[in-house]
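In: All I have is the shape, not the residue letters:
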């Protein structure tokens, strides 16, 4: 007889021990500039959905002459604010711990993590979360992931591509 063992996930172990083994089903995972909630209907309004960030290592400057003096002008407004994560789940039953992680896929480093517990007694209901996030770290260009994890198992992810911003040269008077 051959004994073959496979790595077993935390959820599979819980199911084998007779514990609740439902894992939530991710219906939506979005990054957005803002998420509003309509007071009358309760509907969520997700504004400015994105999956790409632009960074510039060094902000450009321009030199101008004003009143016989040379001055440097730095261009601003190039840093994004704090985004929101919008999450929609179903098959949530009881109290379910979740982790939202922002991961650098170059070396799988977790750059941000937010732990939250959701509760629902109707597994057919939709559970919506709006999580305010700090500005997303972008140590370099590349691909990152916003991952939703339940009991050490990923249930979904959103890829975030970080590219270098190109800023057109400013025309000079002359």
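Out: Cool, got the structure. What you see is a predicted model, and the numbers here were worked out from it, not measured in a lab.
In: Can you show me the helices along this protein?
Out: 10-16 (DSSP state H).
In: now the residue nearest the centre of it, nearest residue through space, not along the chain?
Out: In the chain, the centroid-proximal residue (Cα atoms, centre = their mean) is residue 146; its distance is 4.0 Å. Using Cβ to Cβ, 6 or more residues apart in numbering and skipping residues adjacent in sequence, the residue nearest residue 146 is residue 158, 4.4 Å away. C-beta coordinates here come from the backbone N, C-alpha and C atoms, glycine included.
In: Can you get me a residue count around that neighbour?
Out: Residue 158 has 18 neighbours, counted by other Cβ atoms under 10 Å.
In: What are the boundaries of the strands in this structure?
Out: Per DSSP state E, the chain carries strands over the ranges 25-37, 44-50, 52-55, 61-66, 69-74, 84-90, 94-104, 109-120, 127-132, 142-150, 153-164.
In: could those be laid out in TSV, adding mean pLDDT?
Out: Putting the strands of the chain into TSV (pLDDT from 0 to 100) gives the following:
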stretch	mean pLDDT
strand 25-37	96
strand 44-50	95
strand 52-55	90
strand 61-66	66
strand 69-74	60
strand 84-90	97
strand 94-104	96
strand 109-120	95
strand 127-132	96
strand 142-150	97
strand 153-164	95
